[in-house]
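Make a model of this:
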Amino acid sequence: MTHAVRTKRGDRLRSAAAGLSAAVVAVGLAELVAAVVEPSASPFAVIGSGLIDLAPSWAKDAAIALFGTGDKVALLTGIAIVLAGVAALAGILESRRSGVGSAILAALGVLALVAAMIRPGAGPFAWLPGLVAGVVAVVALRLLMRRVHPVPYLRAEHDERRQFLLWTLGVAATGVVALAVGNAARGVTRSIEAVRGALRLPKAATPAPAVPAAAELDIQGLAPVVTPNAQFYRIDTALIVPRIDPADWSLRIHGMVDREIVITWDELIALPMQESHVTLACVSNEVGGDLIGNALWLGHPVRELLARAGVDPEADMVLSTSSDGFTASTPIEALTDDRDALLAVGMNGDPLPIEHGFPVRMVVPGLYGYVSATKWVTDLEVTRFDRATAYWTDRGWSERGPIKLQSRIDVPRRGIRIEAGDAVIAGMAWQQHVGVEGVEVRIDGGPWRRAELATAISDDTWVQWRLDWSAESGAHTIECRAISADGETQTSDPADVVPDGAQGWHRIQVSVA
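All right, here's what the predicted structure looks like:
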């Protein structure tokens with residue numbers, strides 16, 4: 001390989017490194033500025049949120065299917081990888097023609113600026129982090145490119161390389177330090193964790209009945225009947241979790257009502273509180289999936305607030321809005337009938353976790369979360385389905401989203417090898433606000449056998465089940481189906497999660513030694 005070829009390849013690598021280093025320092029300083037002046041304008045978050053909004057439903061479904069509750073980490077990782085590639089390319093192009101790479105990095109800053117400005121609830125300084133990112137990226141790239149192609153003077157080549165390496169690492173390190181300081185500053189400026197930790201919720205005027213002892217079958221590997229907060233699934237569109245001080249929170253109820261209502265946190269917690277165990281499920285939960293959980297919620301019935309506002313008889317929907325702009329369309333009957341639809345402030349005896357909606361969220365039995373379980377809720381508009389649409393219905397999902405009758409097998413785990421002899425098959429079944437009357441299990445296409453059903457907490461929660469099995473050596477196929485309290489048998493007809501939830505029998509393959 002000739003010296004010229006090596007030099008050309010070395011220049012490309014140094015140019016790519018210059019672009020990458022410029023992007024690192026730009027992102028780091030922009031994130032620091034965002035943490036101090038406008039946390040919601042974080043360039044990573046606003047671009048990621050924009051991608052979430054623009055992505056077609058099939059892409060969102062694929063992300064949830066592949067990564068589950070880690071979908072946001074996967075998205076941010078993907079953005080970082082793409083940004084690194086674009087920055088490296090910008091450096092190479094800048095080395096070939098001055099200004100081209102700078103224009104690319106400036107355009108990325110403009111993209112972050114615009115994305116921040118058009119987000120719901122954008123603050124007065126939402127533009128600043130994007131501006132900082134663009135300016136810093138261009139300045140850093142120009143500075144480093146001078147080291148890639150230094151002005152000729154008497155200095156050894158290895159000195160040039162060493163100087164370039166020191167400058168590149170120094171610029172990148174500045175970005176990393178800025179990012180770390182920004183994260184620390186974000187923790188200081190967002191003291192909502194401390195506010196939440198010091199909060200004492202009122203006692204329930206209507207406590208929930210105690211969980212029956214027979215509700216828990218105590219089988220290793222079987223999901224607990226009450227899901228701990230730390231294990232509760234999280235699927236939402238918020239890359240930056242809203243951090244709302246209860247002192248600043250309020251809820252507006254308006255639209256097709258006799259009188260508009262605005263209720264503050266202090267007014268809400270002064271109202272009679274009710275406890276209720278309710279199982280929530282994501283519409284993206286595939287057959288046998290784990291995007292479902294059960295908790296003890298504390299809150300005030302939504303129907304009481306709607307009654308205070310006076311609902312127009314022509315209204316058939318309530319459009320709920322989160323502080324970050326997410327919307328959900330809930331059939332009004334689900335909020336005004338006798339079910340425990342709550343404006344919730346507590347979860348399993350504690351204030352709501354921040355990622356699960358602190359300080360206030362909606363909990364509605366019998367509906368998938370995308371049409372009911374709005375977190376960080378700040379607005380309820382009483383309206384009609386023919387007048388308003390919501391985030392997911394705009395993307396092809398059904399309007400009403402009633403929970404489908406479902407069951408799954410938790411024990412034995414799919415693909416796990418077990419010993420021949422006495423074994424147990426166990427799982428969960430649910431159809432919130434209807435209830436489950438029974439579960440049947442079939443092995444290797446044989447007759448359906450009735451499983452033992454645990455005592456359900458209520459019709460609004462899932463229920464555990466088990467079946468004793470004399471496992472014989474070989475490969476086996478196990479299927480289950482649920483029977484609802486109104487006599488419906490879970491359908492075998494498979495359906496994808498779009499547009500209104502998955503269906504079909506859960507089926508696993510088991511190897512017995």
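
and residue 407, helix, strand or coil?
Assigned with DSSP: H, G, I helix; E, B strand; the rest coil, residue 407 falls in the strand class.

tell me the contacts of it?
By C-beta atoms under 8 Å, 6 or more residues apart in numbering, residue 407 lies in contact with 427-430, 436, 439, 465, 480-482, 490, 506. The way it works is simple: take the backbone N, C-alpha and C, and place the C-beta from them, glycine included.

can you redo these as TSV with pLDDT?
TSV is the format used below for those (pLDDT from 0 to 100):
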residue	pLDDT
427	98
428	98
429	98
430	98
436	98
439	98
465	98
480	98
481	98
482	98
490	98
506	98
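
how about the helices in the stretch 151-300 of the chain?
157-189, 192-198, 265-269 (DSSP state H, counting those that start in this stretch).

export these to a markdown table and tack on distance to residue 208 and mean pLDDT?
Output for these, formatted as a markdown table (distance: least, C-beta to C-beta, whole Å; pLDDT from 0 to 100):
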| stretch | distance to residue 208 | mean pLDDT |
| --- | --- | --- |
| helix 157-189 | 34 | 77 |
| helix 192-198 | 22 | 88 |
| helix 265-269 | 18 | 97 |
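
Output the ones you listed in TSV; the columns should cover distance to residue 252 and mean neighbour count.
As requested, the helices of the stretch 151-300 of the chain are exported to TSV (distance: least, C-beta to C-beta, whole Å; neighbours: other C-beta atoms under 10 Å):
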stretch	distance to residue 252	mean neighbour count
helix 157-189	26	15
helix 192-198	21	13
helix 265-269	13	16
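
Sketch out the low-pLDDT regions of this protein for me.
Residue ranges of the chain with pLDDT under 70: 1-8, 57-61, 64-65, 68-69, 121, 149-160, 186-190.

By residue count, which helix of it is the longest?
In the chain, taking DSSP state H as the definition, the longest helix is helix 3-37.

Next SSE downstream of that helix?
helix 43-54 (DSSP states H and E).

Show me what counts as buried in that following helix.
Neighbour counts over helix 43-54 (16 or more other C-beta atoms under 10 Å) mark 43-50, 52-53 as buried.

Check stretch 89-105 too.
89-95, 101-102, 104-105.

In a markdown table, list these along with secondary structure and distance to residue 199.
Putting those into a markdown table (DSSP: H, G, I helix; E, B strand; the rest coil; distance: C-beta to C-beta, whole Å) gives the following:
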| residue | secondary structure | distance to residue 199 |
| --- | --- | --- |
| 89 | helix | 49 |
| 90 | helix | 47 |
| 91 | helix | 49 |
| 92 | helix | 53 |
| 93 | helix | 53 |
| 94 | helix | 52 |
| 95 | helix | 56 |
| 101 | helix | 50 |
| 102 | helix | 49 |
| 104 | helix | 47 |
| 105 | helix | 44 |
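
for residue 317, phi and psi?
When read as degrees, to the nearest 10, the backbone of residue 317 gives phi -150, psi 150.

Against residue 361, how distant is residue 320?
From residue 320 across to residue 361, the span is 9 Å (C-beta to C-beta, to the nearest Å).

and for these two, which residues touch both?
Joint contacts of residue 320 and residue 361 (C-beta under 8 Å, 6+ apart) are 374, 377.

from the middle of its chain, how far away would stretch 482-501 be?
Computed by C-alpha atoms, centre = their mean, to the nearest Å, the separation of stretch 482-501 from the middle of its chain amounts to 25 Å.

Name the surrounding residues that touch that stretch.
With C-beta under 8 Å, 6+ apart as the test, stretch 482-501 has contacts from 57-58, 61, 283-287, 368, 396-398, 400-407, 429-431, 434-440, 459, 481, 502-505.

Show the buried residues in these.
Neighbour-count burial (16+ other C-beta under 10 Å) applied to the contacts of stretch 482-501 gives 57, 61, 283-287, 368, 397-398, 400-407, 429-431, 434-440, 459, 481, 502-505.
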